[in-house]
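Asks: Requesting a structural model of the entry that follows:
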Amino acid sequence: MQQTRRHWFVAGLLALSAVAFVCGSAAPVAVVDDGSTPHDRWLTQGDPVPNIMVLPTNGVYEPDVLVECGGPPTFPAAALRAPVLLSESDVADGAMVPLEEFLASGEGGLWPQDSYWTFINTDDVLMIVHIGADGAATTLAAERTDSGWMATRLATGGSCPIQVPLPEGLGEVGWREDPATPNEPESTLIALLATGRDCSSGHPMGDRLAPPQVVVTDDAIYVALVQYRPTGTQECPGNPEEAVTININEPRGDRPLINARTAAGTLADYVPVSPS
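Replies: Residues are numbered from 1 along each chain as shown. So this is what the prediction gives:
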């Protein structure tokens, strides 16, 4: 069966707000959200998609932009710029109790026991992070509830990618350049193969694939794809690749094509290795 290729024309560049936070010694990174769509409800097919890119750019530092690291809780970008050691932080009474109880347990005893950085430190949420010499991140979080402080995140060993959180109802889409359609420097077309990450009983995304978000700079072309998540009970036999063509309205040249959902890197790109 011949594959249907979906086409989009990019009439202009996605407008960027001037927000940035420092990524170690690398270029600043901006998290952009134009606020056009509410994030507090389930988005369905046809709803406009808010900006979901994390892009390298120059701009002013905006400490209130919220990002996440492989899942909630979200935290302000300011935490990436100047983390403070837990041993030097004043945390709310009782906030560390559930985390200390876990670290003292059989499983938690195998995890890093000290030298954590404080990432979120409010009256109601505490998030601490340990970065290993290999870049592996251990993240622990606790939140205040009506019955006291409870652990809400216990994760270790992953790279912890920095991303703008997706609104409810949207799912991640992976993509790669289509090897059957070479992207020549003089061409204005970018050919991709996209794969939905949500279980969909093996069905293609089709019209659930949202229009791509594209930013073209002098140095790179950034693309972000997301989908409206399927509803109802779904099985997970694997999803097919779907052909996508984007017309950027100017020659591609030798600029690399970069996934804007992952362009910000990982927690280890910002946070120093925990002291031994």
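
Asks: for the protein, which spans come out with low pLDDT?
Replies: Across the chain, the ranges flagged by pLDDT under 70 are 1-46, 54-65.

Asks: Now with 50, please.
Replies: For the chain, applying pLDDT under 50 flags the ranges 1-2, 12-40, 56-61.

Asks: Could you point out the longest helix of it?
Replies: Criterion DSSP state H: the longest helix present in the chain is helix 97-103.

Asks: Which neighbouring elements make contact with it?
Replies: strand 137-145, strand 148-158 (3 or more CB pairs under 8 Å, 6 or more residues apart in numbering; DSSP states H and E). Any C-beta I mention is one placed from the backbone N, CA and C, and that applies to glycine too.

Asks: buried residues in it?
Replies: Residues of helix 97-103 classed as buried: 98-99, 102-103 (neighbour count, 16 or more other CB atoms under 10 Å).

Asks: Pipe the residues you listed into a markdown table and attach distance to residue 242 per row.
Replies: Shown next, in a markdown table, are those (distance: CB to CB, whole Å):
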| residue | distance to residue 242 |
| --- | --- |
| 98 | 43 |
| 99 | 43 |
| 102 | 42 |
| 103 | 44 |
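
Asks: Out of the residues you listed, the closest to residue 76 would be?
Replies: Lowest distance from residue 76 to the buried residues of helix 97-103 (CB to CB) belongs to residue 99, with 20.4 Å.

Asks: how about the strands of the stretch 101-250 of the chain, start to end?
Replies: Applying DSSP state E, counting those that start in this stretch to the stretch 101-250 of the chain gives strands spanning 117-121, 125-131, 137-145, 148-158, 162-163, 170-177, 189-196, 213-216, 221-224, 226-228, 242-247.

Asks: Residue 47 is nearest to which of the ones you listed?
Replies: Set against residue 47 and scored by CB to CB, those come closest in strand 226-228, at 7.8 Å.

Asks: Please produce TSV containing the strands of the stretch 101-250 of the chain, extended by mean neighbour count.
Replies: Compiled in TSV, the strands of the stretch 101-250 of the chain are given as follows (neighbours: other CB atoms under 10 Å):
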stretch	mean neighbour count
strand 117-121	21
strand 125-131	24
strand 137-145	21
strand 148-158	15
strand 162-163	23
strand 170-177	18
strand 189-196	20
strand 213-216	20
strand 221-224	24
strand 226-228	25
strand 242-247	19
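
Asks: out of the ones you listed, which comes closest to residue 235?
Replies: Nearest to residue 235, of all the strands of the stretch 101-250 of the chain, is strand 189-196, at 13.5 Å by CB to CB.

Asks: That closest one packs against which elements?
Replies: strand 170-177, strand 221-224, strand 242-247.

Asks: Next, the angle from the longest one to strand 242-247.
Replies: Meaning strand 170-177. Put simply, strand 170-177 runs at 80 degrees to strand 242-247, going by axes from the mean of the first three to the mean of the last three CA atoms, to 10 degrees.

Asks: Dump the C-alpha coordinates for stretch 95-104 into PDB.
Replies: Extracted in PDB, the C-alpha atoms of stretch 95-104 (Å, rounded to 0.1, in the frame of the first residue of the first chain):
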ATOM      1  CA  ALA A  95       9.700  18.000  53.500                       C
ATOM      2  CA  MET A  96      12.700  15.700  53.600                       C
ATOM      3  CA  VAL A  97      11.000  13.000  55.800                       C
ATOM      4  CA  PRO A  98       9.500  10.900  53.000                       C
ATOM      5  CA  LEU A  99      12.600  11.200  50.900                       C
ATOM      6  CA  GLU A 100      14.900  10.200  53.700                       C
ATOM      7  CA  GLU A 101      12.600   7.300  54.500                       C
ATOM      8  CA  PHE A 102      12.900   6.100  50.900                       C
ATOM      9  CA  LEU A 103      16.700   6.500  50.800                       C
ATOM     10  CA  ALA A 104      16.900   4.400  54.000                       C
END
